[in-house]
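J.: Below are the sequence and a predicted model for it; my questions follow.
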Amino acid sequence: MVIREAVEADAVEMGRLHVRAWQAAYRGIMPDEYLDGLRPDDRIDLWRGHFSRADRSPMLVAVSTGAVVGFAVFGAEAAPEPSPSCGELYAMNLDPDYWGQGIGLLLLRRVMDALVAMGYGEAVLWVVPQNDRARALYESEGWSADGGVSTEDIMGVTVTDIRYRTVLPPASSSGVRPLDLADEAVACRVVDIQHASYRIEADLIGFDGIPPLHDTIADVRQHDLRWLGAWDDGDLAGIIAWTDVDGIREIDRLAVHPQFHRRGHARALVEHALDHPRVVVSTGTANTPARTLYESLGFVPIGTCEIVPGVTTTGYERVVPSS
């Protein structure tokens, strides 16, 4: 399961999921006539419209076996007089077939991490009081009702929402934390780091066709990856990104800007990827610094591949034996 930034191609699955989630979560709370009349095409159009806006809010999707199974939308507090220090989780919906699998918890935590990265010190959300499943999830992560109430009439039925609030942890100026590539400055810096770092590897192995070396901002945003960044006194110094598919975590890229070499950032980034029983990665066979790092962390070589005549990569694997 992967949580990544949403892209326009996700709108169809999001629209269908949105209707299924509401029909399951709000049955008995909202009128049956209203819920049964929800049309996926209307929600698909809604989300396509969202992606067409230049000022669109950040959005994350949870993807399992290639399908979108959840999404969340968040940003600045949507209030008549919003606090500049307060963010908001506008919506979070999960496919009912995937309830109870911990996906909502992972998605909520990613949203909270992103709100911290955006500079917010607290956050709010609105939830229907009868939605016990959602309330239990929010409360398990430190959210609580703050007394705020709103009501809406839906086909003659008054539906009430209550406001939850949480205090977000302060953002550290150093350390490893999730990246929000919807942030233009972050995405731009990621591309800069990749270009500078992979230029060194390209020179080491004698091959400049390494894909991250040529990524644009649009490219990095399209990649279906989990992104983390290493920060050094307020500067984004390095990045790592991976996928989790079929029980295997594959490190897709690891890059540290040359300005921040030899400060332990690469090791710290890889260590954050090791909370998985099986992790694989590949690097240029001639990239001795990278190979030394992986081997020092318990990776073992599993083979080589010639990508062009005279240039090979070495694959590595780290497996944690089951207890």
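T.: Sure, I can see it. Residues are numbered from 1 along each chain as shown.

J.: separation between the residue lying farthest from the centre of the chain and Glu33?
T.: Computed with C-alpha atoms, centre = their mean, the residue of the chain farthest from its C-alpha average is Gly156, at 38.7 Å. To Glu33, Gly156 is 10 Å away according to C-beta to C-beta, to the nearest Å. (C-beta placed from N, C-alpha, C; glycine too.)

J.: and what of Gly66?
T.: Gly66 sits 35 Å away from Glu33, going by C-beta to C-beta.

J.: Kindly report the same for Asp244.
T.: 41 Å.

J.: higher neighbour count, those two?
T.: More crowded of Asp244 and Glu33, by other C-beta atoms under 10 Å: Asp244, with 18 against 11.

J.: Confirm that that one sits in a strand.
T.: Yes: Asp244 forms part of a strand when assessed by DSSP: H, G, I helix; E, B strand; the rest coil.

J.: my guess is it contacts His276, does it?
T.: Yes: applying C-beta atoms under 8 Å as the test, Asp244 and His276 come out as touching, 6.9 Å apart.

J.: Strands of the chain, start to end?
T.: Counting by DSSP state E, residue ranges of the strands within the chain are 2-5, 59-64, 67-76, 86-94, 122-127, 144-154, 157-167, 175-178, 226-232, 235-245, 248-256, 278-284, 300-308, 311-319.

J.: from the chain's centre, how far out does the first one sit?
T.: Centroid separation for strand 2-5 versus its chain: 4 Å, with C-alpha atoms, centre = their mean, to the nearest Å.

J.: Could you list the low-confidence segments of the stretch 151-300 of the chain?
T.: Applying pLDDT under 70 to the stretch 151-300 of the chain picks out residues 171-173.

J.: Compute the inter-axis angle for the longest helix seen in the chain and strand 300-308.
T.: Assignment by DSSP state H gives helix 184-205 as the longest helix of the chain. Going by axes from the mean of the first three to the mean of the last three C-alpha atoms, to 10 degrees, helix 184-205 is angled at 80 degrees with respect to strand 300-308.

J.: so what secondary structure elements neighbour helix 184-205?
T.: If you count contacts as 3 or more C-beta pairs under 8 Å, 6 or more residues apart in numbering; DSSP states H and E, helix 184-205 packs onto helix 217-222, strand 226-232, strand 235-245, strand 248-256, strand 278-284.

J.: could you redo the last one with a cut-off of 10 Å?
T.: When contacts are defined as 3 or more C-beta pairs under 10 Å, 6 or more residues apart in numbering; DSSP states H and E, helix 184-205 packs onto helix 217-222, strand 226-232, strand 235-245, strand 248-256, strand 278-284, helix 288-296, strand 311-319.

J.: Which one, of the ones you listed, ends up nearest to Leu108?
T.: Closest approach to Leu108 among those is made by strand 226-232 (15.5 Å; C-beta to C-beta).

J.: other SSEs contacting the closest one?
T.: strand 2-5, helix 103-117, strand 175-178, helix 184-205, strand 235-245, strand 248-256, helix 265-272.

J.: Include distance to Ser296 when you put the ones you listed into a markdown table, please.
T.: Compiled in a markdown table, the helices and strands packed on strand 226-232 are given as follows (distance: least, C-beta to C-beta, whole Å):
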| stretch | distance to Ser296 |
| --- | --- |
| strand 2-5 | 27 |
| helix 103-117 | 28 |
| strand 175-178 | 18 |
| helix 184-205 | 18 |
| strand 235-245 | 16 |
| strand 248-256 | 14 |
| helix 265-272 | 8 |
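
J.: out of those, which comes closest to Asp45?
T.: Across these, closest to Asp45 is strand 2-5 (C-beta to C-beta), at 20.9 Å.

J.: Would you indicate which residues of that closest one are buried?
T.: 3-5 (16 or more other C-beta atoms under 10 Å).

J.: Which one of those is nearest to His223?
T.: Of all the buried residues of strand 2-5, the one sitting nearest His223 is Arg4; the distance, using C-beta to C-beta, is 7.7 Å.

J.: Please name the bridge partners of that closest one.
T.: Val61 (DSSP bridges).

J.: Give me the pLDDT value at it.
T.: If you check Arg4, the pLDDT there is 86.

J.: residue contacts, it?
T.: Shown in contact with Arg4 (C-beta atoms under 10 Å, 6 or more residues apart in numbering): 10, 60-63, 68, 110, 181, 221-227, 241, 243.

J.: now do Gly121
T.: 83-87, 115, 167-171.

J.: Most neighbours among these, which one?
T.: Highest neighbour count within those: Gly87, with 28 neighbours (other C-beta under 10 Å).

J.: The residue nearest to Ala290 when sequence neighbours are not counted - how many residues pack around it?
T.: Nearest non-adjacent residue to Ala290, counting by C-beta to C-beta, 6 or more residues apart in numbering: Thr283, 4.2 Å away. By the criterion of other C-beta under 10 Å, Thr283 has 22 neighbours.

J.: hey, what's Thr283 bridged with?
T.: Where Thr283 sits in a bridge, its partners, by DSSP bridges, are Thr314.

J.: Assess the claim that it and Val270 are in contact.
T.: No: using C-beta atoms under 10 Å, Thr283 is not in contact with Val270; the gap is 11.4 Å.
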